[in-house]
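In: Here is my input, please return the structure:
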Amino acid sequence: MTRWTNWAGTASASPQHVHQPRSAAEIAAVVESVAGAGRTVRPWGSGHSFTAIAVADSDALDLRHWTGVERVDLETGHVTVRSGTTIRELNAALDALGLAMTNLGDIDAQTIAGAISTGTHGTGAKLGGIATQIAALELVLADGSVVTCSAEEKPDLFAAARVGLGALGVITTVTLKCEPSFFLRAQERPEPLEQVLEGFHDFAAENDHFEFYWFPYGKNALVKRNNRCETAQPLSKVREFVDYRIMENVAFGGLCRTGRLMPRLVPSLGSFASNVLSAREYSDVSHRVFVTARNVRFTETEYAVPRESVLDVLAELRAVVPTLKDPVMFPVEVRVAAADDIWLSTAQGRDSAYIAIHQFVGMPYREYFGAFEKIAGAVGGRPHWGKMHDLDAGVLRSRYPHFDDFLRVRKETDPNGVFTNTYLDRVLGSVG
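Out: Predicted coordinates:
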């Protein structure tokens, strides 16, 4: 048996069989064989989800050998990429083609299939998550058949599979709507938290990409504004190394380890981190601005709330933090996204704000996460599918207008539960 553990160490598995296909035909053959034997199978990406969504008790599909770009249409900007390709690999390939994704998150370790299947997103009041940039998908269904879906072909499957949790089939290729490469100017600086909250909605509307980080126990927020520009003026290699590698990873990791050893110091350490934030401004190719190295490990939950509710939710969260038995070492991240039409997208049908809370790995987090879940739930918050939460199908059905439409498609594509696992049984209910 092969032992598998996710990036955060919050989920693990020892599947009986691990398959490493090198073609779509091999993926289909594995699925057909597993289904015929009455077993289940789960695809593996990079293990960057914090939940047990990728846990495979019987068979696992390791897609590390199924990578790369298959087709490019420079006229339309459509790029078809194999599902095991990481976003980092995708960005490099698009760079070489003079293309780019319109919007990205700040981590590029995920596979493209894993990222879209769990609803990975960046920030931008007029922009959606990565799944909104999909033109078509190819999947292997539970009977081993290979199907393609798009807005015109099998539209219900397309509406479901763009954020499909791996519950409908194994994605083999993703066709993305890309655009000519572009530059972003990054403005990052500390600002008083109260000032950031007061101007939040204006800041979100005025900038292409807006987000901020609040360090619990601190008075300042680290605010990031990224906007399109015409030229590149990147950080020097020395400044980039010092700011991102040393300060945001090595030094911050040291603070976190100190806080884990001596929890009573955490409020002072959080205040210190908030006070020593530095400003920087630079411009570069878009993906180099979107993506930031994240080497300090943590656990995380994130909820999408109606954008008009975000300030109320943050006010309640700020009131809760000082009452917790165990202090919070990691900052809170706040982002925005436009409404979309994907059935299980966290932004389905409503403009959304995302609030992500974290705790340094090895530090207690359940009381903190549970309190936040109640606060977000009171305004209909939807948990990120790849991040920790305790909700089940009964609750989630009330948060998603198309929940039962998704289950209908799931029953059509996987009537015997070939692709299910314990996590999916909880959040979607048992097949049949």
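In: Please make it C-alpha for all contacts and neighbour counts, starting now.
Out: OK.
In: For the helix or strand harbouring residue 30, the averaged confidence score.
Out: Secondary structure assignment for residue 30, by DSSP states H and E: helix 24-36. Here helix 24-36 scores 97 as its mean pLDDT.
In: Could you pull out the buried residues of it?
Out: Neighbour counts over helix 24-36 (16 or more other CA atoms under 10 Å) mark 24, 27, 28, 29, 30, 31, 32, 34, 35 as buried.
In: what helices or strands is the next helix or strand after that helix leaning on?
Out: For helix 24-36, the succeeding helix or strand toward the C-terminus, using DSSP H and E, is strand 41-44. Secondary-structure packing of strand 41-44 (3 or more CA pairs under 8 Å, 6 or more residues apart in numbering; DSSP states H and E): strand 59-62.
In: just to revisit the earlier point, so what touches the helix holding residue 30?
Out: Contacts of helix 24-36 with the rest of the structure, by CA atoms under 8 Å, 6 or more residues apart in numbering, involve 19, 21, 40-41, 59, 61, 140-146, 170, 172, 418.
In: got it, and stretch 246-264?
Out: By CA under 8 Å, 6+ apart, stretch 246-264 touches 265-266, 269, 293-296, 326-327, 329-330, 360, 362-363.
In: coming back round to it: now, which of the buried residues of helix 24-36 sits nearest residue 78?
Out: residue 24 (19.8 Å; CA to CA).
In: okay, the residue positioned nearest the centre of the chain: pLDDT?
Out: Taking CA atoms, centre = their mean, the centroid of the chain lies closest to residue 120, which sits 3.0 Å from it. Note on residue 120: pLDDT of 97.
In: for residue 19, same thing?
Out: Reading off the model, residue 19 has pLDDT 97.
In: ok now do the nearest residue to it once chain neighbours are set aside, which residues does it touch?
Out: Counting by CA to CA, 6 or more residues apart in numbering, residue 61 is the residue found nearest to residue 19 once chain neighbours are left out, at 5.0 Å. When contacts are counted by CA under 8 Å, 6+ apart, residue 61 is found next to 18, 19, 20, 21, 27, 41, 42, 43, 44.
In: Residue 174 sits in which helix or strand?
Out: strand 170-177.
In: for residue 47, same thing?
Out: Going by DSSP H and E, residue 47 is not in any helix or strand.
In: Isn't it up against residue 9?
Out: No. Between residue 47 and residue 9 there is no contact under CA atoms under 8 Å: 9.5 Å.
In: and the two? which has more neighbours close in?
Out: Comparing residue 47 with residue 9 by other CA atoms under 10 Å, the one with more neighbours is residue 47, at 24 against 17.
In: What's the separation between residue 340 and residue 380?
Out: Applying CA to CA, to the nearest Å, the value for residue 340 to residue 380 is 17 Å.
In: got it, and residue 246?
Out: 39 Å.
In: And these two? Which one has more around it.
Out: Neighbour tally, residue 246 and residue 380, criterion other CA under 10 Å: the higher count belongs to residue 380, 19 against 14.
In: Return the distance of that one relative to residue 164.
Out: Distance from residue 380 to residue 164, by CA to CA: 21 Å.
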